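Asker: Test case, fold it:
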Amino acid sequence: MDGMSIAEHFDLAGKVAIVTGGATGIGGAISCRLAEAGASVLISDIDAYLAAETAAALKGRGHVCEGVRGDASSLVDAGSVVAAAVEVFGRLDILVNSAGVYPLSSMLELSEAMWDTVMDVNLKGTAFHCRSAAEQMIREGHGGRIVNLASVTSMHPSPQQTHYAASKAGIIMLTKGLALEWAPHGIAVNAVAPGFVETPGTRHLAQEIQAGSKTGRRIMARVPLGRMCQPDEIAMAVLFLAGPASSYMTGSVMLVDGGFELS
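Answerer: As a prediction, the model looks like this:
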C-alpha cells in the first residue's frame, strides 16, 4: 500500500484541468466531477455562452472554473486554450478531450464536407489538443494526465456511423501511440470508450428506445444492462483516469458500455 487514503486517490486539489466540449452532455458531467474533486477547470466549448454558463453554475457551487470559446477542430485554438488555462490558473495537469460530433449518414450518402468535419473535430482536434497540452506539461516538468473520449463504435460497427467509428478508432491508436511517446515525461494518456450515452445529442435514440420502436429494440438488444448510459457514468471513469487511483495505467482504453462488447 502507498499510504494514501481512498479519498486521496481521487483528490485533484491543486490540479488544473481542461475539458474540451465541456459545457454540456458528457463534457459537462466531466467538468462537474473534476471540479468536485478539487481541480480548477477550464471549460472549452464551441459555444462560448454555454461554456460561461456552465462555469458560472459550478462557481456558484463553490468550485473554481472558467469558460472559454474553443473550436476543437482548430490548431490555433488548441494552443490558445492551453495558454488560457495557464494564464488563468498558472499551470496544467489534466486534459480531457470530450468534444466530438456524430452526424449519421450511410457511406454512400456521406459528403466530403461531413467526412472532413468529423475527422477534424474528433481526431485532428484531439491530436493537437494533446500535443499542445503535452508541450505545456513537459515545460512544467511535472507530468500529467490526458484522457481521450473514444467510443464503443470504434470496435463494433454500427449502421450509419462508419465515418464516426473511423475517427474514434483513430483516437484509440492515437492514445496508445502518445502513451508510448510521452511516458518518459510522466504523462499518462488513456481513453474512455462510452457506449450509448443519453445526452441532448442522442435524444432521438432515447426516444426510440422509450417508444419501443424497431430501432430502439435493436439498440437495446446489444446492451446487456438494458439501458442507455448516463453522462455521469462516463465522468466517473474519467475522474478515475485523471487522478492518482490510475497511477499505473497508460495507453489503456476503458469500456463503459453496459456490456455492449459482449453482445
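
Asker: and the chain, what are its domains?
Answerer: Structural domains annotated on the chain: 7-194+230-256, 200-228, as defined by automatic domain parsing.

Asker: just those: most buried one?
Answerer: domain 7-194+230-256 (a mean of 20; mean count of other C-beta atoms under 10 Å). Placement of C-beta: from N, CA and C, glycine included.

Asker: follow-up on the earlier one: for L262, find the nearest of the domains of the chain.
Answerer: domain 200-228 (5.8 Å; C-beta to C-beta).

Asker: Any idea how far apart the tips of the closest one sit?
Answerer: 13 Å (C-alpha to C-alpha, to the nearest Å).

Asker: picking that back up, would you mind giving the domains of the chain as a markdown table with mean pLDDT and distance to L262 added?
Answerer: Output for the domains of the chain, formatted as a markdown table (pLDDT from 0 to 100; distance: least, C-beta to C-beta, whole Å):
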| stretch | mean pLDDT | distance to L262 |
| --- | --- | --- |
| domain 7-194+230-256 | 97 | 10 |
| domain 200-228 | 81 | 6 |
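
Asker: so where do the helices sit in this protein?
Answerer: 6-9, 25-36, 48-60, 75-89, 112-118, 125-140, 162-182, 203-211, 214-220, 231-242 (DSSP state H).

Asker: Quick one: residues in contact with the fourth one.
Answerer: The set of residues external to helix 75-89 that reach it, using C-beta atoms under 8 Å, 6 or more residues apart in numbering, is 16, 18, 20, 40, 42, 44, 64, 66, 68, 70-71, 92, 124-125, 128-129, 131-133, 135-136.

Asker: quick one, it and helix 125-140 angle?
Answerer: Taking axes from the mean of the first three to the mean of the last three C-alpha atoms, to 10 degrees, one finds that helix 75-89 is oriented at 40 degrees with respect to helix 125-140.

Asker: okay, helix 75-89 in PDB with CA atoms only?
Answerer: Extracted in PDB, the C-alpha atoms of helix 75-89 (Å, rounded to 0.1, in the frame of the first residue of the first chain):
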ATOM      1  CA  LEU A  75      -5.000  24.000 -34.200                       C
ATOM      2  CA  VAL A  76      -4.800  27.700 -33.200                       C
ATOM      3  CA  ASP A  77      -7.500  27.200 -30.600                       C
ATOM      4  CA  ALA A  78      -5.700  24.100 -29.300                       C
ATOM      5  CA  GLY A  79      -2.800  26.300 -28.400                       C
ATOM      6  CA  SER A  80      -4.900  29.200 -27.100                       C
ATOM      7  CA  VAL A  81      -7.000  27.100 -24.800                       C
ATOM      8  CA  VAL A  82      -3.900  25.700 -23.200                       C
ATOM      9  CA  ALA A  83      -2.400  29.200 -22.900                       C
ATOM     10  CA  ALA A  84      -5.700  30.400 -21.300                       C
ATOM     11  CA  ALA A  85      -5.600  27.700 -18.700                       C
ATOM     12  CA  VAL A  86      -2.000  28.600 -17.800                       C
ATOM     13  CA  GLU A  87      -2.800  32.300 -17.700                       C
ATOM     14  CA  VAL A  88      -5.900  31.900 -15.500                       C
ATOM     15  CA  PHE A  89      -4.800  29.100 -13.200                       C
END
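
Asker: how far does it sit from the chain's center?
Answerer: 17 Å (C-alpha atoms, centre = their mean, to the nearest Å).

Asker: The longest one now?
Answerer: The gap between where helix 162-182 is centred and where its chain is centred comes out at 13 Å by C-alpha atoms, centre = their mean.

Asker: ok, residues contacting that helix?
Answerer: Here helix 162-182 has contacts from 97, 102-103, 105, 107, 110, 114-115, 118-119, 122-123, 126-127, 130, 134, 138, 146, 148-151, 153-155, 157-158, 187-191, 193, 250-251, 253, using C-beta under 8 Å, 6+ apart.
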